[in-house]
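Student: my questions concern the predicted model and sequence given below.
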Amino acid sequence: MTKLVIFRPIGDLAKQGYSVHLIIQDIQDTDGYASLPLLDITGSLPPNPDLASHLNHHWQQTYRPLGLPSRTLELETVTVNYEGSIKQQIQDCLTSANELRDRIRQWFDSPEFYHLNLQLREHLAPHDTIQFLLRSEDSQLLQLPWQTWDFFDHYPQAEFAHIPLNSQPPHSPNSSHPKSGVKILAILGHSQGIDIEGDRQLLETLPHAQTTFLVEATHQDINDQLWEQAWDIIFFAGHSETIAQSGRIYINPTDYLTLNQLWFALKKAVQRGLKLAIFNSCDGLGLTQHLDDLQIPQMIVMRELVPDRVAQAFLKYFLTAFAQGQPFHLAVREARERLQGMESEFPCASWLPLLCQNLVSESLTWDNLAGISPPSQNPFLFPNLQLPRLSDWSKIIVISGIICLISAIGFSPYIAKIVNGFGLKNYKQGKLANAEFYYHLATLIDHNYASPHYNLGHFWDKKNDFNRAFTHYQNAAERGLPEGYAQVARLAILNNNHPAALSAIHHCLELTPYDAVKAACLKNRGWILFKEENFIAAEKNLRQAIQLEPNSPHSHCLLAQILDKTKRTQAAQTAWENTLNYSQHRIPEQHECISWANQRLNR
């Protein structure tokens, strides 16, 4: 099973430092969807102006002036200095890189980050496969070579990736057709001064692949290919650069494109099953700007100018490992680390490849892209049948009988976890009847399994059937899931049953190890005390909740009301501003607080 680490920093490197929200989840290997969090905590990283300054100095003042032959138009005409000078420049760049690495490690070893660092390592094992996702648009954080943090030394199956702030689960194609290999659209663009023939030769030798090449094509040619066929992988080699935070790919000697100019065509490609885009070209951070809109599941770019030979080597190492069966993330890591062997000639080569993806993407393998079934496939764990409908009782009885029979011989916890995963997958796809069925079935297979009870509570909660939601949350709580108590307390407060709510909050705080759940329970207790006009005790609980979960708009909203009631106008204004800063308009439950905050601040 794969572990998912979501690292969400808010702030800046030089002045404020960062408030960090960290989540760890399991990813169900059978469907690519994440379970309920194993860890949900907050911490901080201190401001580090020295690191910010050296980061900029390293890339702009010691790396770029090397003038190595690269896949960008900006430096293709630079003349390399005589031998002694370039050797000294390379040595200066290597020294600067070592200093940058040391500063990064010292930053992550800072006392402010100690608790979060410790919890992160306690919830992960060295043998775990880990997707470590940075959820941020901070340009300085994206330029940091995160892989130099010693965390990645201790977890050899972890790979770093960037996800945008507004990322969503990737689109699932509406239909699937029998596959006859991996379909690749290879766009070979403007290649003056570089050699992309090696890229072409490598793509032509891939097993179980059908590659279509567009060489120095027009905008219309590329657009038509994206509209007219389904592709698994889109590949670009040639010159590229980032101008004003927007990425450009040079498709021929006279024309360039931004991803925005291919927006509709790329959306169509994603709808038809596009899984991966590879931009084996320079300065690719600007190409990630539309990742959240397009929902391309996974993308590989180069974070800086990439020497031509490094680009060729990375592609060779990555595709070789991937086509030979390495999982996608580990193939990227292996290829990136192999580039270290080139760093005496091309400093920082292993820092250049950057993996970007949407929120939770399935773990790709070459065989599943090609439609090749595993040799010993279990028909229950990987069903090819259509999902049952609740109205079709004969199917339900047959499937229930089969699964319950399997569970009777000792596999019930394992089977229940898989079935609950089916429910989560269907819920995310909007197939609510199927989701409810699978949740119920999981509770029958393993009566003591709390997660499907919680998921049923969430299911009815969203349908505003609070009585059913309360019952299922209560069942989850009684089976040892503290989050169930937090939701029981919330619904009891809405029903003005404060004694039941306080009892649930007590159990929640006693049982949960997670700061985010503690914060929810403290917020609920503050809510009760506010309704009872015990403002001093309410404020104390709310401030404790905010200390644990600084980004909770509801806690700031309740605190703002208390501060208004107690005539602390300036402090109330700050709390209302925090309410707006941390609210999300797409979440209906936050609309009331957003409205109050706008009214109060306008007044």
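Tutor: Sure, I can see it. In this text the structure is predicted, and so the values were computed from the model without any measurement.
Student: all strands of the stretch 1-150 of the chain, in order?
Tutor: With strands called from DSSP state E, counting those that start in this stretch, the stretch 1-150 of the chain shows them at 2-12, 17-27, 39-45, 129-135.
Student: what residues does stretch 450-462 touch?
Tutor: 35-36, 416-417, 419-420, 423-424, 427, 432, 435-436, 438-440, 442-443, 466, 468-473, 475-477, 479-481, 483-484, 487, 491 (C-beta atoms under 8 Å, 6 or more residues apart in numbering). C-beta here means a position set from N, CA and C on the backbone, and glycine is covered the same way.
Student: buried subset of the residues you listed as a PyMOL selection?
Tutor: Listed next is the PyMOL selection for buried residues among the contacts of stretch 450-462, using 16 or more other C-beta atoms under 10 Å:
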select buried, resi 35+36+416+417+419+420+423+424+427+435+436+438+439+440+442+443+466+469+470+471+472+473+475+476+477+479+481+483+484+487+491
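Student: show me the helices in the stretch 151-300 of the chain, by range?
Tutor: 151-154, 197-204, 219-228, 263-271, 291-294 (DSSP state H, counting those that start in this stretch).
Student: repeat that for the stretch 451-600 of the chain.
Tutor: 466-478, 482-494, 498-511, 515-531, 535-548, 553-565, 569-582, 591-602.
Student: residue 209: which of those is closest?
Tutor: helix 515-531 (43.8 Å; C-beta to C-beta).
Student: hang on, the earlier thing: adding distance to residue 107, mean pLDDT and mean neighbour count, write the helices of the stretch 151-300 of the chain out as JSON lines.
Tutor: Output for the helices of the stretch 151-300 of the chain, formatted as JSON lines (distance: least, C-beta to C-beta, whole Å; pLDDT from 0 to 100; neighbours: other C-beta atoms under 10 Å):
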{"stretch": "helix 151-154", "distance to residue 107": "12", "mean pLDDT": "92", "mean neighbour count": "15"}
{"stretch": "helix 197-204", "distance to residue 107": "37", "mean pLDDT": "88", "mean neighbour count": "16"}
{"stretch": "helix 219-228", "distance to residue 107": "42", "mean pLDDT": "94", "mean neighbour count": "15"}
{"stretch": "helix 263-271", "distance to residue 107": "36", "mean pLDDT": "90", "mean neighbour count": "17"}
{"stretch": "helix 291-294", "distance to residue 107": "26", "mean pLDDT": "68", "mean neighbour count": "19"}
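Student: which one, of those helices, ends up nearest to residue 66?
Tutor: Closest among the helices of the stretch 151-300 of the chain, using C-beta to C-beta: helix 197-204, at 21.7 Å.
Student: check the offset of the closest one from the chain's centre.
Tutor: 31 Å (C-alpha atoms, centre = their mean, to the nearest Å).
Student: which secondary structure elements does it contact?
Tutor: Using 3 or more C-beta pairs under 8 Å, 6 or more residues apart in numbering; DSSP states H and E, the elements in contact with helix 197-204 are strand 182-188, strand 209-215, strand 233-237, helix 308-323.
Student: the shortest one: partners in the sheet, and parallel or antiparallel?
Tutor: Using DSSP bridges, the strands paired with strand 233-237 in its sheet are strand 182-188 (parallel), strand 276-280 (parallel).
Student: so can I have CSV of the strands of the stretch 1-150 of the chain showing distance to residue 364, mean neighbour count and mean pLDDT?
Tutor: Converted to CSV, the strands of the stretch 1-150 of the chain look like this (distance: least, C-beta to C-beta, whole Å; neighbours: other C-beta atoms under 10 Å; pLDDT from 0 to 100):
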stretch, distance to residue 364, mean neighbour count, mean pLDDT
strand 2-12, 12, 19, 91
strand 17-27, 13, 20, 90
strand 39-45, 25, 21, 91
strand 129-135, 12, 22, 92
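Student: ok so, going back, how about the helices of the stretch 451-600 of the chain in CSV, adding mean pLDDT and distance to residue 5?
Tutor: Converted to CSV, the helices of the stretch 451-600 of the chain look like this (pLDDT from 0 to 100; distance: least, C-beta to C-beta, whole Å):
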stretch, mean pLDDT, distance to residue 5
helix 466-478, 89, 25
helix 482-494, 87, 19
helix 498-511, 86, 24
helix 515-531, 89, 15
helix 535-548, 91, 19
helix 553-565, 92, 24
helix 569-582, 90, 22
helix 591-602, 84, 30
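Student: residue 281: which of these is closest?
Tutor: helix 569-582 (36.8 Å).
Student: relative to residue 193, how far out is residue 58?
Tutor: 25 Å (C-beta to C-beta, to the nearest Å).
Student: the more surrounded of these two?
Tutor: residue 58 (22 against 15; other C-beta atoms under 10 Å).
Student: re earlier: out of the helices of the stretch 451-600 of the chain, the one nearest residue 215 is which?
Tutor: The nearest among those, by C-beta to C-beta, is helix 569-582 at 48.9 Å.
Student: by contact count, what packs against the closest one?
Tutor: Using 3+ C-beta pairs under 8 Å, 6+ apart: helix 569-582 touches helix 553-565, helix 591-602.
Student: got the angle for the first one vs helix 535-548?
Tutor: Orientation check (axes from the mean of the first three to the mean of the last three C-alpha atoms, to 10 degrees): helix 553-565 against helix 535-548 gives 150 degrees.
Student: tell me the buried residues in stretch 485-497?
Tutor: 485-493, 497.
Student: need these in a markdown table (columns: distance to residue 509).
Tutor: Shown next, in a markdown table, are these (distance: C-beta to C-beta, whole Å):
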| residue | distance to residue 509 |
| --- | --- |
| 485 | 9 |
| 486 | 9 |
| 487 | 14 |
| 488 | 13 |
| 489 | 10 |
| 490 | 14 |
| 491 | 17 |
| 492 | 15 |
| 493 | 15 |
| 497 | 18 |
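Student: of those residues, closest to residue 548?
Tutor: Nearest to residue 548 among those, with distances taken as C-beta to C-beta, is residue 486, at 12.7 Å.
Student: tell me which of the helices and strands packed on helix 197-204 sits most buried.
Tutor: For those, ranked by mean neighbour count under the definition mean count of other C-beta atoms under 10 Å, the leader is strand 233-237 at a mean of 25.
Student: avg pLDDT for it?
Tutor: Strand 233-237 carries an average pLDDT of 92.
Student: residue 573 versus the nearest residue to residue 340 once chain neighbours are set aside, what's the distance?
Tutor: Sequence neighbours aside, residue 350 is the residue nearest to residue 340 in space, at 4.6 Å (criterion: C-beta to C-beta, 6 or more residues apart in numbering). For residue 350, the distance to residue 573 equals 49 Å [C-beta to C-beta].
Student: repeat that for residue 54.
Tutor: For residue 54, the distance to residue 573 - C-beta to C-beta - is 38 Å.
Student: who has more neighbours, these two?
Tutor: Neighbour count, other C-beta under 10 Å: between residue 54 and residue 573, residue 54 has more, with 19 against 16.
Student: pretty sure the more buried one contacts residue 103?
Tutor: Yes. If you go by C-beta atoms under 8 Å, residue 54 and residue 103 touch, sitting 5.9 Å apart.
Student: residue 133: what's it in contact with?
Tutor: Residue 133 touches 4-7, 161-163, 357, 359, counting by C-beta under 8 Å, 6+ apart.
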